[in-house]
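1. Provide a 3D model corresponding to the input given below.
(4 chains)
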Protein chains: 4
Amino acid sequence: MYSFTNDYSEGAHPRILEALLNTNLTQHSSYSLDTHTRHAIQLIRQEACCPQGDVHLIVGGTQTNLITISTALRPYQAVISASTGHINVHETGAIEATGHKVLAMPATDGKLTPRMVEEALDFHTDEHMVQPKMVYISNSTEVGTQYTKAELEGLHHICRQKNLYLFMDGARMGSALTSPANDLTLADIAALTDVFYIGGTKNGALFGEALVIVRDELKPDFRYMIKQRGAMLAKGWLLGIQFEELFQNNLFYDMASHANEMAAKLKKALTDKGCSFAYNSCTNQLFPVLEDEQIEKLKKDFTFNMDHRVDASRSCIRLVTSWATTQEGVDAFIKAL
Amino acid sequence: MYSFTNDYSEGAHPRILEALLNTNLTQHSSYSLDTHTRHAIQLIRQEACCPQGDVHLIVGGTQTNLITISTALRPYQAVISASTGHINVHETGAIEATGHKVLAMPATDGKLTPRMVEEALDFHTDEHMVQPKMVYISNSTEVGTQYTKAELEGLHHICRQKNLYLFMDGARMGSALTSPANDLTLADIAALTDVFYIGGTKNGALFGEALVIVRDELKPDFRYMIKQRGAMLAKGWLLGIQFEELFQNNLFYDMASHANEMAAKLKKALTDKGCSFAYNSCTNQLFPVLEDEQIEKLKKDFTFNMDHRVDASRSCIRLVTSWATTQEGVDAFIKAL
Amino acid sequence: MYSFTNDYSEGAHPRILEALLNTNLTQHSSYSLDTHTRHAIQLIRQEACCPQGDVHLIVGGTQTNLITISTALRPYQAVISASTGHINVHETGAIEATGHKVLAMPATDGKLTPRMVEEALDFHTDEHMVQPKMVYISNSTEVGTQYTKAELEGLHHICRQKNLYLFMDGARMGSALTSPANDLTLADIAALTDVFYIGGTKNGALFGEALVIVRDELKPDFRYMIKQRGAMLAKGWLLGIQFEELFQNNLFYDMASHANEMAAKLKKALTDKGCSFAYNSCTNQLFPVLEDEQIEKLKKDFTFNMDHRVDASRSCIRLVTSWATTQEGVDAFIKAL
Amino acid sequence: MYSFTNDYSEGAHPRILEALLNTNLTQHSSYSLDTHTRHAIQLIRQEACCPQGDVHLIVGGTQTNLITISTALRPYQAVISASTGHINVHETGAIEATGHKVLAMPATDGKLTPRMVEEALDFHTDEHMVQPKMVYISNSTEVGTQYTKAELEGLHHICRQKNLYLFMDGARMGSALTSPANDLTLADIAALTDVFYIGGTKNGALFGEALVIVRDELKPDFRYMIKQRGAMLAKGWLLGIQFEELFQNNLFYDMASHANEMAAKLKKALTDKGCSFAYNSCTNQLFPVLEDEQIEKLKKDFTFNMDHRVDASRSCIRLVTSWATTQEGVDAFIKAL
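-> A predicted model of the protein is given here:
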């Protein structure tokens, strides 16, 4: 049984584990005030050409989303998201639990456009409605698509014009940045958003997301928010050491590239078989549409998620590759096709 | 200038004011523990054939909605609403501020159907998503439509089957129940919902909504919730006296009937002029589609809200009548047409 | 049976009711955007010598407290209160329900001092604890005491120095300002606090508190907060008309003076009988310590609240007078003593 | 420089790291649905003689506290804690951020008694105040003390009688259970509380707390709560593997015993020097009172926290030992004394 269920089925890259082992009996300062975290922050600032950014290392993505959004918004303000956005669908109402409405805009390809943002603004006119104040986007998105530089500039522009914060959820940032369709760098993202994060969990760390706060007004007292939401890891250096490894010797990009390459092989084989895709992805998530009969056969040797029913005899499935996906696993799947 | 902007532009029916005057210098028990409130509760239970109902008199509708919903739901549970629902659009995120997601289902006529409820349930399958637990409907709806007995029975049935609470916002219950299209009684509503309220603010009281909790598990400690949300009126008898008047001598129904009759006259005149309507209403809210030019003319002598643009030259406006709408006002508007 | 239970047992001053009657059938703008509210706001600004203040009229005190505090505080910030403070004890956790800790400082006379504020600040040193940001005081306090100008200046000074907001709950502001022990004016209060409110409910209005926001940074979007918490009254002019009356022809002060005079008579009679008091009050709340036997006798003809047991045979009761307390009621009580 | 600052300054016991290494490239089910977690849960149930307990493995203590408490309480309910309780002081208002008041009872030794619980209940009499519903205790406490079986039975009894939940925060459970003063077992704790957790973070795991829900009514949908608060670890098996190791071959108890032994040596040396202690601890936290001069000298070679000033020339410091504290470190400290 080989799994294409997600990109967090295995532990961490061996170099990361080794680094954890090497520092295991050292006494560290707790709560992310240690030297490894400091070093990791420096590496991330450099990589993002963002020396003034406040960087916080946080265990998980939902935590990072809920802390960031509830820090940015006043109680009556709302966040605009694509209807497919992780915060809208897959976080059990975590944002609403902090008191804020998610304004979900229907999006067929997982992406927000300036026009969709304007539409949300036009609808919310006075104090009888929530006030949209933040735009949340994922890159790569929940359906494997990604933003081009031009698209991100468009969102940046409307957000500046309308005084909105632009927040990029980068749980799968690695896969986006190493995709053949990508024309963005971390530095571009730091320049075009107000706050974003770089996902470790889905790209070869045991866990961890590196949040980069670019906008000054979002920075004060952020550690209070982290603590209050239960997200301040006692042994914070565990995060620091992992991000040190990720941003030394290109490991972050290498792992993401591997995941993308494995997906590309699957995509090519599926395309060759005449298979269509529900979303146009060049990242590590594929959404092929297959005959139910074939899906049942594949399920004997592979695990993956069902995405949605397409018609009476066909469904869309989701295949996810990772830094740890093996060539053998991919070959076996292609053969099984 | 005559206003058709809403049904809460005037004070209260003179009989209500008179009752307030008559009891003004009496010493009352505070916090709704007085004899007038007790009597009002009895009258409402009788009218709804619901002797076991817990009745609470609350100043406003948004308050009533947020208290009721946050009482009924566990932190991870959500309420299903038509996209046009008051809680989804016009309460500044009051429900989300209590921690709960509003699951908005697109509705062209302001009404939820069992099929829409099932759709919401089918989508929310596990602990990574919110858990739908309550169905919120308005009667009459925000676009002037109303539920038939058969429709309400359908919703009751699916809610029982799926273990959901059914909550009816009756801010405009009077107009619904006295509409020519109505086949429901308060007793039917008490039998088919778990909790509902009867609107006073929009039907001739100074303020006040009478919440009736039918379902036993929603009853305990409800006064704690009222107090915590700042909704326990010190001089609670002011609510009791108003609802005593409303449910004595048919005043509640008489006022609503008057509002409906005034609307019916407007509707007939508009129809005679060949005007179409965005929603099919037999209640006290009308949504005629008019030429922009004509709207501008009407604005010289009348106030009303714009609802939405229909096409390049036409818009939908909202006309609302009330217990206090005068025959002269209606005649003037018809003449101006 | 005559009640000294509280100062909200009767309706409103006849002049207020008359004003409501006179405007009952006029069409008003809703949601406090009417001319009466505008006029009331002008009168209050004048009275407080605070032309730049933002004034909002809100139905009740708990509402006003929770909206004001949750507007002022970031999610991790806390409000300092005397342990006897209304927000700490008698609002069913309304402040906590908005997410904020109340830091209760033990106070034997219901009042905060600069030293107590500093103590709270000294204890809360870093992001593992809440951050104190607001100081909440009541005037008169929950135990009938009141702040002198010197005391308020002391609190103002420490708040400025430590960058804290100073918020005065004036639910019983009238009684405080007309007390023989008082040396403050509304203008002083506007000059020395960042936000305060003037209570109508407990001083002869049907309901209503006038919140005055002095500090600019607390002003933006305040109506969003009012709406979200369910506190935006549809027929907002009802509040406007009441405060117009209160601040015309000295009615606000006259009613409070009457309440204080009635209390003073009771106090004198009690003192003459050798009775002691748990708190030193010159306002409309008295806390005499009586023999249980005598309390039982008084209960036959009067209602009042028990405050606390003092020793095996004596208890402290609370006697409250109001604008509507009659000379006859007071005389009867004195006679019964 | 040797640190006695806390018990989470080093990584994890080598056997734990080894287990993580051994399973690193295996594909696991995510979100704690893997076989290691299942096994760990079995081991914990066995150890606690609680086969019916629902066990959830959660990254951190503040998370566990806030999720458990907000699951157990209705919006208007409160949790009773010693004034020194972690939830009252050191979690940045995390409980209040979920909407609940912490009722802090002054405690000189960090422990609650049945009498203190009754006192809290007696004070909160009606819907104008919060309703106490849960009792929160820490074992060992924040000041190093611990509950005896008789004390825990007393709390259990009052909680059953008054229909309160009893929740034990066991962040330092290991140290409590292996203390010479202890007469409790995990099985006792499972029998006497409604919900408790076993701390890994402070006893040799990289991170992780094992929450055991004994009371049936606290069990339903708990995973929804975990997810909503951002506490569902994607690679949940990391927790499972750690707790497997902790509860195999006595590792959990061995590490805690070591910590206690190291503390006992420090305590003996300090006592021998005539030093007094602010709290009477037989666990891994000591609170000696030292001359400021001596503290300054010790600070040259050791790190530790200041607890509080005792008088003009003396302060109380906090010394914490852990599974990783070395005999050399302890010897050096004793020598430095």
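2. what does chain A put close to chain B?
-> A:75-76, A:78, A:89-93, A:96-102, A:127-130 (C-beta under 8 Å from any C-beta of the partner chain). Placement of C-beta: from N, CA and C, glycine included.
3. Now do residue A:133: how many residues are near it, please.
-> Residue A:133 has 19 neighbours, counted by other C-beta atoms under 10 Å in any protein chain shown.
4. how far away is the nearest residue to it once chain neighbours are set aside from residue B:97?
-> Leaving aside its sequence neighbours, residue A:133 sits nearest to residue A:77 (C-beta to C-beta, 6 or more residues apart in numbering or on different chains; 3.9 Å). Per C-beta to C-beta, to the nearest Å, residue A:77 is found 11 Å from residue B:97.
5. what about the two, which has more around it?
-> Ranked by neighbour count (other C-beta under 10 Å), residue A:77 and residue B:97 place residue B:97 first, with 27 against 22.
6. residues in contact with the nearest residue to that one once chain neighbours are set aside?
-> Spatial nearest neighbour of residue B:97, excluding adjacent residues (C-beta to C-beta, 6+ apart): residue A:99 at 4.8 Å. Taking C-beta atoms under 8 Å, 6 or more residues apart in numbering or on different chains, we find residue A:99 in contact with A:70, A:75, B:93, B:96, B:97, B:98, B:99, C:99.
7. Could you show which parts of the stretch 51-200 of chain A are in contact with chain D?
-> With C-beta under 8 Å from any C-beta as the criterion, the stretch 51-200 of chain A meets chain D at residues A:59-67, A:91-94, A:97.
8. what's the most distant pair in those residues?
-> With C-beta to C-beta as the measure, no two of these lie farther apart than A:59 and A:93, at 19.7 Å.
9. Using PDB, list the CA coordinates for the lengthiest helix in chain A.
-> Identified as the longest helix of chain A according to DSSP state H is helix A:251-272. Output of helix A:251-272 as PDB, limited to C-alpha atoms (Å, rounded to 0.1, in the frame of the first residue of the first chain):
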ATOM      1  CA  LEU A 251      17.000  22.100   1.500                       C
ATOM      2  CA  PHE A 252      13.600  23.900   1.500                       C
ATOM      3  CA  TYR A 253      13.700  24.200  -2.300                       C
ATOM      4  CA  ASP A 254      15.200  20.900  -3.000                       C
ATOM      5  CA  MET A 255      12.500  19.000  -1.200                       C
ATOM      6  CA  ALA A 256       9.700  21.000  -2.800                       C
ATOM      7  CA  SER A 257      11.300  20.400  -6.200                       C
ATOM      8  CA  HIS A 258      11.300  16.700  -5.600                       C
ATOM      9  CA  ALA A 259       7.700  16.700  -4.700                       C
ATOM     10  CA  ASN A 260       6.800  18.700  -7.800                       C
ATOM     11  CA  GLU A 261       8.800  16.400 -10.100                       C
ATOM     12  CA  MET A 262       7.100  13.400  -8.700                       C
ATOM     13  CA  ALA A 263       3.700  15.000  -9.400                       C
ATOM     14  CA  ALA A 264       4.800  16.000 -12.800                       C
ATOM     15  CA  LYS A 265       5.600  12.400 -13.600                       C
ATOM     16  CA  LEU A 266       2.200  11.300 -12.400                       C
ATOM     17  CA  LYS A 267       0.600  14.200 -14.400                       C
ATOM     18  CA  LYS A 268       2.300  13.200 -17.600                       C
ATOM     19  CA  ALA A 269       1.300   9.600 -17.300                       C
ATOM     20  CA  LEU A 270      -2.300  10.500 -16.500                       C
ATOM     21  CA  THR A 271      -2.400  12.900 -19.400                       C
ATOM     22  CA  ASP A 272      -1.000  10.400 -21.700                       C
END
